[in-house]
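1. have a look; sequence and predicted model below, questions after that.
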Amino acid sequence: VLGKQLPHRFNVMAWFRVTDIWFEMIGDKKGLQCRLQKLDLADKSWWAALDSSDPLPLNQRNFDIRPESIKCLYCHQKSPRIYDSGWMCLNPTCNMFWKLVGNGAAPTSLSYHCSFLNYRVDPTTNPVPRYQLTPSYLHVINALVRDTIREAWRGIICPFCAHCISRVYWRGWKCSEVPGGCHFQLMLQLNPIAINQVTSVSLRRKIRPNKLLMLPVVNDRSAAPYRQLTYTLPGVGSITHFVANRQITSRQNGPDDLFRKFQEIDLGLKRFPLKQSQGK
Ligand SMILES: [Zn+2]
Ligand SMILES: [Zn+2]
């Protein structure tokens, strides 16, 4: 319909409202289609051709024009004429549904009729958008600096060049990662998380008898301070699990220290696109 190649795979265009919903055959199934109309008709669309004229002022438009609507001879329901190839009944329960009058065949080429494309519903009845399409997240992010909250996982809109920047880097956002982006970057001060914030107080869990699970032999002496759990697999061998505890993990240069050090150095962590991903 646009007659134009859009710059990205996904494009945020404008706020729209639904003006028409109708049934048609999509492959061999009946499916719904809808027609959208831009909410702000006075605003020139960013995707309009550069040499196209400005939109006609609202007070010079006739909002009473509607595409031709015809009553079906079989089901007596009205349907608008949507396609060039001719009028069709769009009532999905009618025998004449999606058939051209005269030869009763389904249309082969689907191009929209100009009166269906060009009519506009009076914009004064439009709902008002509740959100900006390009919200500024900077005030949110300034509040984030102290923490790692859900919003910080997401992308932001560059305050300088308005490109969308996804959260690729562990520490923040870089506009230079985006094709055509600028040099803006926002790196967060990430405070190391203490180990006791992410693990339960006791590492030693009670072993509860469960008929479905194999019970290990518990040995707290041989490898102390490790607890040794041995599972014997009949005819196979055995598996021994050395269970750590707070005394072990809190040793100097032990696992707790490792957990803290990993957060203090820059490991160069970043997100890479999935090979099978559909979007960017
Ligand atoms: Zn009909
Ligand atoms: Zn930028």
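-> Good, I have the coordinates. Ligands and ions are numbered 1, 2, ... in the order given.
2. need the strands for the stretch 1-150 of the chain, in chain order.
-> With DSSP state E, counting those that start in this stretch as the criterion, the stretch 1-150 of the chain has strands at 16-26, 29-38, 69-71, 78-80.
3. touching ligand 1 at all, the third one?
-> Right, strand 69-71. No. Against ligand 1, strand 69-71 shows no contacts by Cβ under 5 Å from the ion, the least distance being 8.6 Å. Using the backbone N, CA and C atoms, a C-beta is placed for each residue, glycine as well.
4. and that strand, how far from the chain's centre?
-> 39 Å (Cα atoms, centre = their mean, to the nearest Å).
5. thinking again about what came up before, okay if I get the strands of the stretch 1-150 of the chain as CSV plus mean pLDDT?
-> Converted to CSV, these look like this (pLDDT from 0 to 100):
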stretch, mean pLDDT
strand 16-26, 94
strand 29-38, 95
strand 69-71, 96
strand 78-80, 96
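6. can I get these in JSON lines with mean neighbour count and distance to Asn126?
-> Formatted as JSON lines, the strands of the stretch 1-150 of the chain follow (neighbours: other Cβ atoms under 10 Å; distance: least, Cβ to Cβ, whole Å):
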{"stretch": "strand 16-26", "mean neighbour count": "14", "distance to Asn126": "6"}
{"stretch": "strand 29-38", "mean neighbour count": "13", "distance to Asn126": "9"}
{"stretch": "strand 69-71", "mean neighbour count": "11", "distance to Asn126": "22"}
{"stretch": "strand 78-80", "mean neighbour count": "17", "distance to Asn126": "20"}
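7. to His241, which of these lies closest?
-> strand 29-38 (54.6 Å; Cβ to Cβ).
8. what strands line up against the closest one, and which way round?
-> Here strand 29-38 is paired, per DSSP bridges, with strand 16-26 (antiparallel).
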